[in-house]
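**Q** With the sequence up front, the predicted model follows.
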Amino acid sequence: MNSTGQWSTGLCDCTSDYSNCCLTCWCPCISFGQIAEIVNKGTTSCGVHGTLYSILCLFTGCPYIYSCMYRSKLRHQYMLPDEPCNDCLVHCCCECCALCQEYRELKHRGFDPSLGWHGNLANQNQGVGMPPVGPGEMKR
């Protein structure tokens with residue numbers, strides 16, 4: 001498992017996780033909310049992020065304005081390259097593929113985005129599927 005330097009899967013490898021691919025295609029607000037909660041380390045819930053994403057989609061048709069910021073945060077947390085192009089362009093041109101890739105990346109790094117931050121924390125405390133923890137992270 002690569003901890004830094006490259007994405008674990010390609011942008012167009014969406015079908016390597018069919019359930020997330022389907023969820024993201026039909027209801028991207030849920031996938032985005034789950035990703036954002038993990039990236040923000042539980043400071044805001046999946047529901048809040050998903051709702052904001054939906055509101056942006058409904059009123060502007062451009063939810064990528066919000067979601068590209070979380071791709072940047074994820075990339076910086078794991079020192080991932082800005083590829084195949086900058087984050088806003090990836091989300092603008094291929095929103096579903098970008099969200100699927102980010103979801104897969106979190107899974108590859110030991111998180112289950114569907115459990116949320118606190119669910120992953122509980123699993124870590126029970127010794128189940130322990131996500132990588134850096135100094136000062138995942139404390140109660």
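**A** Sure thing, it's come through. Computed from a predicted structure; not experimentally measured. Numbering: from 1, shown residues only.
**Q** In the protein, where is pLDDT below threshold?
**A** 1-4, 127-140 (pLDDT under 70).
**Q** just the helices in this protein please.
**A** Counting by DSSP state H, one finds helices in the chain at the ranges 18-26, 28-39, 46-60, 64-78, 87-93, 95-108, 116-125.
**Q** so of those, which one's packed in deepest?
**A** helix 28-39 (a mean of 25; mean count of other CB atoms under 10 Å). (Each C-beta comes from the backbone N, C-alpha and C, glycine too.)
**Q** Please work out which residues outside that one touch it.
**A** By CB atoms under 8 Å, 6 or more residues apart in numbering, the residues outside helix 28-39 that reach it are 20, 23-24, 44-51, 53-54, 57, 63, 66-67, 70, 73-74, 77, 95-96, 99-100, 102-103, 106, 111, 113-114, 116-117, 120.
**Q** same thing with stretch 88-105?
**A** Under the criterion CB under 8 Å, 6+ apart, residues 7-14, 16-17, 20-21, 24-25, 28, 31-32, 34-35, 62-65, 67-68, 70-71, 74, 78, 80, 84, 113 lie in contact with stretch 88-105.
**Q** Could you report the distance from Tyr70 to Thr44?
**A** In this view, Tyr70 and Thr44 are 11 Å apart by CB to CB, to the nearest Å.
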